[in-house]
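Trainee: turn this into a structure:
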Amino acid sequence: MSRSTQPPAPMTDGEAVSSTDPRRAALQALAGLLRGRGLAVTVESWHLTATDHDSGRSVEVWAQHRSADQDRLWFCWAGGAPIVEAANLMDAALYVGTELCRES
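Mentor: Numbering: from 1, shown residues only. Just a heads-up that it's a prediction; the model follows:
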């Protein structure tokens, strides 16, 4: 399955990043799990980048509200393909790890 490398629309000037924003909190929680699995993780405004030290492969994960799911918060790949609801952190970490191990 190919993944788009285009991220969701960028934030507008009126969107300041708040440490209490649920998207940011979800990304920080996922980042902690991924770091615990030995991955290098950088958290940006509304996404994180996870990198496998051995292979050098990396993936972007975005936190977005899905209108199709009652506006619940979901983790998505760059480009918007949904991964899993953000409440399921362990599943999200598993999917990210699996994607990093996938053959090109």
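
Trainee: which other helices and strands contact the longest helix along the chain?
Mentor: The longest helix of the chain (DSSP state H) is helix 22-36. With contacts taken as 3 or more Cβ pairs under 8 Å, 6 or more residues apart in numbering; DSSP states H and E, helix 22-36 sits against strand 40-43, strand 47-51, strand 58-66, strand 72-77, helix 89-101. The way it works is simple: take the backbone N, C-alpha and C, and place the C-beta from them, glycine included.

Trainee: what mean pLDDT does the last one get?
Mentor: For helix 89-101, mean pLDDT rounds to 97.

Trainee: contacting residues for the spatially most central residue of the chain?
Mentor: Against the mean C-alpha coordinate of the chain, by Cα atoms, centre = their mean, the closest residue is Val61 at 2.1 Å. By Cβ atoms under 8 Å, 6 or more residues apart in numbering, Val61 lies in contact with 27, 30, 47-50, 75-78, 83, 92, 96.

Trainee: do that again at 6 Å, thanks
Mentor: 48, 75 (Cβ atoms under 6 Å, 6 or more residues apart in numbering).

Trainee: circling back to that earlier point, okay, the helices and strands packed on helix 22-36 in a markdown table with distance to Pro22 next?
Mentor: Formatted as a markdown table, these follow (distance: least, Cβ to Cβ, whole Å):
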| stretch | distance to Pro22 |
| --- | --- |
| strand 40-43 | 14 |
| strand 47-51 | 14 |
| strand 58-66 | 8 |
| strand 72-77 | 6 |
| helix 89-101 | 13 |
